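S.K.: Next input, structure requested:
(2 chains)
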Amino acid sequence: DTEVTQTPKHLVMGMTNKKSLKCEQHMGHRAMYWYKQKAKKPPELMFVYSYEKLSINESVPSRFSPECPNSSLLNLHLHALQPEDSALYLCASSQAGAFYGYTFGSGTRLTVV
Amino acid sequence: AQSVTQLDSQVPVFEEAPVELRCNYSSSVSVYLFWYVQYPNQGLQLLLKYLSGSTLVESINGFEAEFNKSQTSFHLRKPSVHISDTAEYFCAVSLFSGGYNKLIFGAGTRLAVHP
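M.R.: Residues are numbered from 1 along each chain as shown, chains lettered A, B, ... in the order given. All right, here's what the predicted structure looks like:
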């Protein structure tokens, strides 16, 4: 298995809703990442997990809450989002230590109404 | 600090013509360089990478990139493009900090292949 699987592919949520994005990989990668990508822009790093521990939070608002239940799963919990949070949310994974690049999932297209 | 500059935001080209997408980086240490491709409504796919060794790297679909240390460049080329190559292309450099590798992306180049 050489893929990163993200669910759902599309999500529409109201500003008072609570929802979660899910990411799964079975490549044995010990580093996992959440990126946010706005239209016609490059991905922006949000969070980094290394060996299931949160290593980096790139000053992301608390309405985004990451969780890494085990080495294969990464969640992003969403609560009280704003319309400007609408974007493509990408999950990626990589080997820890020696670096060969990231493997990205196909993303979740989030629309906040 | 490490950064990546993609010199062209859009590159229009006719089918079967050659194309070059330009990428320059700045780094004070050894670098790992990458090209990713993003097709509409999809995630990013690794196209090719330079880690060390030969300065010319190739992908399986006909793209190649050359690492040029003196010019701090990593331009992407293809001798003959297809309609299916229409996509967004991102150049990226890695930064190792705090025990993990962080990819720093350029702004992207939109390749539009016309018939």
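
S.K.: hey, which helix or strand in the chain has the poorest pLDDT?
M.R.: Using chain A. One helix or strand of chain A scores below all others by mean pLDDT, DSSP states H and E: strand A:53-57, with a mean of 88.

S.K.: not what I meant, chain B
M.R.: Every helix and strand in chain B was compared by mean pLDDT, DSSP H and E; the lowest is strand B:100-105, with a mean of 82.

S.K.: Please identify the buried residues of the next helix or strand after that one?
M.R.: Where DSSP states H and E defines the elements, the next helix or strand beyond strand B:100-105 is strand B:109-114. Buried residues in strand B:109-114, defined by neighbour count with 16 or more other C-beta atoms under 10 Å in any protein chain shown: B:109-111, B:113. Every C-beta, even on glycine, is put in place using the N, C-alpha and C of the backbone.

S.K.: cool, and stretch B:51-69?
M.R.: Buried residues in stretch B:51-69 (16+ other C-beta under 10 Å): B:51, B:57, B:59, B:63-65, B:67.

S.K.: can you name the two of those that are farthest apart?
M.R.: Comparing all pairs in those by C-beta to C-beta, the longest separation belongs to B:51 and B:63, at 16.8 Å.

S.K.: Residues in a beta bridge with the residue most central in space within chain B, which ones?
M.R.: The centroid of chain B falls nearest to residue B:35 when counting by C-alpha atoms, centre = their mean (3.2 Å). With DSSP bridges as the criterion, residue B:35 is bridged to residue B:48, residue B:91.

S.K.: Would you agree it is in contact with residue B:63?
M.R.: Yes. Counting by C-beta atoms under 8 Å, residue B:35 touches residue B:63, with 7.3 Å between them.

S.K.: residue in chain A nearest to chain B?
M.R.: Proximity to chain B, evaluated over chain A using C-beta to the nearest C-beta, is greatest for residue A:42 at 3.8 Å.

S.K.: where's that residue relative to residue B:4, distance?
M.R.: 9 Å (C-beta to C-beta, to the nearest Å).

S.K.: Overlap of the contact sets of those two?
M.R.: Here residue A:42 and residue B:4 share the contacting residues B:105-106, scored by C-beta atoms under 8 Å, 6 or more residues apart in numbering or on different chains.

S.K.: Could you tell me which residues of chain A lie near chain B?
M.R.: Contact residues, chain A versus chain B (C-beta under 8 Å from any C-beta of the partner chain): A:4, A:6, A:31, A:40-43, A:45, A:48, A:50, A:55-56, A:90, A:92, A:94, A:96, A:99-107, A:109.

S.K.: I'd like to know which of the residues you listed are part of strands.
M.R.: Mapping the residues of chain A next to chain B onto strands (DSSP state E) picks out A:4, A:6, A:31, A:45, A:48, A:50, A:55-56, A:90, A:92, A:94, A:103-104, A:109.

S.K.: From these, which shows the smallest pLDDT?
M.R.: By pLDDT, residue A:56 ranks lowest within those, coming in at 83.

S.K.: most centrally placed residue in chain A?
M.R.: residue A:34 (3.1 Å).

S.K.: what's in contact with the strand or helix carrying it?
M.R.: Residue A:34 is part of strand A:31-37 when elements are defined by DSSP H and E. Applying C-beta under 8 Å, 6+ apart, the contact partners of strand A:31-37 are A:23, A:25, A:43-51, A:66, A:68, A:74, A:76, A:87-96, A:102, A:104, A:107, B:100-101.

S.K.: Kindly supply the PyMOL command isolating those of these that are buried.
M.R.: This is how PyMOL selects the buried members of the contacts of strand A:31-37, with burial counted by 16+ other C-beta under 10 Å:
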select buried, (chain A and resi 23+25+43+45+46+47+48+49+50+66+68+74+76+87+88+89+90+91+92+93+94+95+102+104+107) or (chain B and resi 100+101)
